[in-house]
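[1] I'll drop the sequence and a predicted model, then ask my questions.
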Amino acid sequence: MSMLADRIAAARAEGRAALIAYLPVGYPDVDTSVEAMVAAVEGGADALEVGVPYSDPGMEGPVIQEAMDVAVRAGVGLPDVLPAVRAVAAAGGVPVVMSYWNPVERYGVDRFADDLAAAGGAGAITPDLIPDEAGPWIAATDRTGLDRVFLVAPSSTDARLAATVAASRGFVYAASTMGVTGTRTTVSSTAGELVARTRLVAGDLPICVGLGVSNGDQAAEVARFADGVIVGSAYVREMLDGRGAEGVRALSAELAEGVRRAGTPA
Amino acid sequence: MTTSAVSPPETRLEPAQPGWPDATGHFGVFGGRFVPEALIAALDELTEAYRAMRVDPAFIEEFAALQRDYTGRPSPITEVPRFAEHAGGARIWLKREDLNHTGSHKINNVLGQALLTRRIGKQRVIAETGAGQHGVATATAAALMGLSCTIYMGEEDTRRQALNVARMRLLGAEVVPVTTGSRTLKDAINEAFRDWVTNVETTNYVFGTVAGPHPFPEMVRDFQRVIGDEARAQVLERLGRLPDAVLACVGGGSNAIGIFTAFVPDDGVRLVGLEAGGDGVGTGRHAATITGGTPGVLHGARSYLLQDENGQTIESHSISAGLDYPGVGPEHSHLHDIGRAEYRAVTDAEAMEAFALLCRTEGIIPAIESAHALAGALVMGRELGPEALLLVNLSGRGDKDVETASRWFGLGDREHVEPGAGMDTDQQPLEGAVTSGDAVAGQDAGESA
Ligand SMILES: Cc1ncc(COP(=O)(O)O)c(C=O)c1O
């Protein structure tokens, strides 16, 4: 059983893709960021990626970097995500941690898995951990039943797609473009191709698409071919621009309308 | 020990030590690949192309010709007896990487990676740089081979190494000051990775040291091992024996791995890496990654790093931009953990005293990076005694550091000369010039790193 796969299946039963929001804990401060996460769920997000601030976030574009920088400087780190996970779960969202690998390793892989499971977390997305290096994490998630979400990219070979899908649980994260996080004006054409290639080997595993989705129309476009739509920088932009929880709630509503409009994913 | 290998050996790129790294880039528990999946294809492409290239006779010949005719290899070894008087009378020889074209060992690696770039058909190279030496070397190779070139450099470093920024621009490279995070080398590496993942179709990342994801630690080592291959043969030829210790400064660790590799199988030879101790490891303001750090993951590999309890990288501090890095190559972590190499810290003050001493006793202005190795030699010489033979990698020349050194010693600004701060602008006898150097190099060995 998988909390993430179950929630994505529930969305599908409603005839739509799932909406997955990302916000880092600690911007502009821990409490405000947790309020925003709750608002994202209340506004219509099915799952929430609780971001762990990290000093060297190699996959992030300028928007997420800016928010993380503030959080890191304030000393916010992995221990602060556990209360956020509880708050998201209490609001009815599925909480999944998004963390670069070093904070997890520093906290202790097994300790993290135990604490995350106890807090009601679904599992974790690990953007700089490939299955090849993930032995201890695979063991810890098997032991605790947590989901582990690895990434595939347009540059992944078919062999790597198969291996990554086989190692993933909950969903597999299709990074739609070659590049870093950030909002883009159009959905890249590589996204559809990547999802199609991944489908061939994914079996029942849901495929969610991230990188560059920022509005309802783009969400609708992605929701036609993906099981879930992941939106990060656009949420963080709401926070950076000071619109706070209400801006986040409104964005969720717009994106949720987009995925509903698209109907059941192909 | 035979002395048969008296002339510098042919360019050798075979793996140096059977056993590491393994096929996926692990040195014991260190190394590997901790990068987004999007980069794996490019890293695989590099690994395969490199494996094919290093056994290709045409490449080996072209690389050797460039090293000889362009870089000026082999670099000589030079004995420094007047300097060594301050090291308990031990004999000290320098491996003169400062005499290479572009002024440091960085060119050795860059020429190899530039040839590799051409081989995989990419037209653009990017690189990070701290001191600017790797950036200058990359810009140089790009000019030589007609590649377009973008260099990422922390804004802080563009200020303290302004001369090298100008050199890179003269060579036709675009220099991008990085304003994120601590605005130094680690952030330049982050930006270079972000560029690479976005432009990987057209662009090769020429990594500057033996850190980063596989295959960089292995490949850069192989391109740098010429330092030790030459030096080992040169020392045997000149002295008929191996050195007791081989010393090198460690930023990411490429010049150190370069000179260590040939000596790793020589059990009697101590391998000593000198890390940047900044204000002192005890102060927390330093860049002594192995001495003062813990294992973790940074910039694509598992290795020692400076990190806090949340796993955030701690900003490093060093007077030397080239050593001001909170990580270190995974092979060094492995050599440390298996006890084959030892790592010590040298403070800013100790390094600058050794810097002044080499200038005044031997007429050689070293890079401040390399001055850390020299400071280590002063201490080790006194530990090992007058019979000892030390080989020090002089990884670069100090032209780029003239401004930093002038400020440190108060040259050209008589108002701010601090008594005892080091050099005086007056022509003084040697003993006067290195007064405070003697505080470190002198009788009380115990107070030094
Ligand atoms: C002269 C010199 N030595 C040493 C270093 C440190 O790098 P590494 O430890 O990779 O040799 C640098 C880096 O810029 C350098 O310029």
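    Thanks, I have it.
[2] per-residue confidence at the spatially most central residue of chain A?
    Nearest residue to the geometric centre of chain A (CA atoms, centre = their mean): A:Glu49, 4.3 Å. According to the prediction, A:Glu49 has pLDDT 98.
[3] Bridged to it, which residues?
    Taking DSSP bridges as the rule, A:Glu49 bridges to A:Tyr22, A:Val96.
[4] Name all residues that make contact with it.
    A:20-23, A:96-98, A:125, A:230, A:232 (CB atoms under 8 Å, 6 or more residues apart in numbering or on different chains). Just so you know, the C-beta spots here come from the backbone N, C-alpha and C atoms, and that holds for glycine as well.
[5] Tell me how far it lies from chain B.
    Applying CB to the nearest CB, to the nearest Å, the value for A:Glu49 to chain B is 16 Å.
[6] Would you check how far apart that residue and the ligand are?
    As judged by CB to the nearest ligand atom, to the nearest Å, A:Glu49 and the ligand stand 36 Å apart.
[7] re the thing from before, going by neighbour count, which of the contacts of A:Glu49 are buried?
    A:20-23, A:96-98, A:125, A:230, A:232 (16 or more other CB atoms under 10 Å in any protein chain shown).
[8] how many neighbours does residue 43 have?
    Reading this off chain A. A:Gly43: 21 surrounding residues under other CB atoms under 10 Å in any protein chain shown.
[9] meant chain B actually
    Neighbours of B:Leu43 (other CB under 10 Å): 21.
[10] so what's it closest to, chain neighbours aside?
    B:Pro213 (5.8 Å; CB to CB, 6 or more residues apart in numbering or on different chains).
[11] Helix, strand, or coil at the one you found?
    Of the three states, B:Pro213 takes coil under DSSP: H, G, I helix; E, B strand; the rest coil.
[12] Tell me the spacing between the residue nearest to the centre of chain A and A:Glu238.
    15 Å (CB to CB, to the nearest Å).
[13] Let me see the backbone angles for A:Ala175.
    Dihedral angles phi and psi of A:Ala175 (degrees, to the nearest 10) take the values phi -80, psi 110.
[14] need the contact list for it.
    Counting by CB under 8 Å, 6+ apart, A:Ala175 makes contact with A:151-154, A:210-211, B:36-38.
[15] what pLDDT does it get?
    A:Ala175 carries a pLDDT score of 93 in this model.
[16] Run through the neighbouring helices and strands of the helix or strand containing B:Glu48.
    Under the criterion of DSSP states H and E, B:Glu48 resides in helix B:40-53. Judged by 3 or more CB pairs under 8 Å, 6 or more residues apart in numbering or on different chains; DSSP states H and E, the packing partners of helix B:40-53 are helix B:106-119.
[17] just the buried ones among the contacts of A:Glu49 now: which is nearest A:Asp31?
    Checking the buried ones among the contacts of A:Glu49 against A:Asp31 with CB to CB, the nearest one is A:Leu23 at 12.9 Å.
[18] can you tell me which of the contacts of A:Ala175 are in strands?
    Applying DSSP state E to those, the entries found in strands are A:151-152, A:210.
[19] burial measure for the residue in the stretch 101-250 of chain A positioned nearest to chain B, as a count.
    Per CB to the nearest CB, the residue of the stretch 101-250 of chain A with the smallest distance to chain B is A:Arg106, at 3.1 Å. Around A:Arg106 there are 21 other residues, counting by other CB under 10 Å.
[20] Same question for the one 10 residues further on.
    The tally of other residues near A:Leu116 (other CB under 10 Å) stands at 28.
[21] For it, which residues are in contact?
    So A:Leu116 contacts A:82, A:85, A:97, A:123-124, A:144, A:146 (CB under 8 Å, 6+ apart).
[22] Which stretches in chain A count as helices?
    A:3-13, A:30-43, A:62-73, A:81-90, A:101-107, A:109-118, A:135-144, A:158-167, A:189-202, A:216-223, A:233-240, A:244-262 (DSSP state H).
[23] Now render those as TSV, adding distance to the ligand and mean pLDDT.
    Output for the helices of chain A, formatted as TSV (distance: least, CB to the nearest ligand atom, whole Å; pLDDT from 0 to 100):
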stretch	distance to the ligand	mean pLDDT
helix A:3-13	42	98
helix A:30-43	38	98
helix A:62-73	25	94
helix A:81-90	35	98
helix A:101-107	21	98
helix A:109-118	30	98
helix A:135-144	29	98
helix A:158-167	31	98
helix A:189-202	36	95
helix A:216-223	43	95
helix A:233-240	34	97
helix A:244-262	44	97
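[24] Walk me through the domains of chain B.
    As given by automatic domain parsing, the domain ranges for chain B are B:38-72+B:105-221, B:77-102+B:226-447.
[25] touching the ligand at all, the last one?
    Going back to what we said before, that points to domain B:77-102+B:226-447. Yes - using CB under 6 Å from any ligand atom, domain B:77-102+B:226-447 reaches the ligand at B:249-256, B:322-323, B:367, B:369-370, B:395-396.
[26] mean confidence for that domain?
    Mean predicted lDDT for domain B:77-102+B:226-447 stands at 89.
[27] Any idea how many residues pack against the residue nearest to B:Leu43?
    The burial count for B:Pro213: 26, using other CB under 10 Å.
[28] could you check the distance from it over to A:Ile130?
    Distance from B:Pro213 to A:Ile130, by CB to CB: 10 Å.
[29] residues bridging contact with these two, i.e. touching both?
    Common neighbours of B:Pro213 and A:Ile130 (CB under 8 Å, 6+ apart) are B:33-35.
[30] Make a markdown table out of those residues and add distance to the ligand and neighbour count.
    Shown next, in a markdown table, are those (distance: CB to the nearest ligand atom, whole Å; neighbours: other CB atoms under 10 Å in any protein chain shown):
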| residue | distance to the ligand | neighbour count |
| --- | --- | --- |
| B:Arg33 | 20 | 25 |
| B:Phe34 | 20 | 27 |
| B:Val35 | 20 | 26 |
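[31] Same list (the residues you listed) but as a markdown table, adding pLDDT.
    Supplementary listing: these in a markdown table, determined by pLDDT from 0 to 100:
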| residue | pLDDT |
| --- | --- |
| B:Arg33 | 98 |
| B:Phe34 | 98 |
| B:Val35 | 97 |
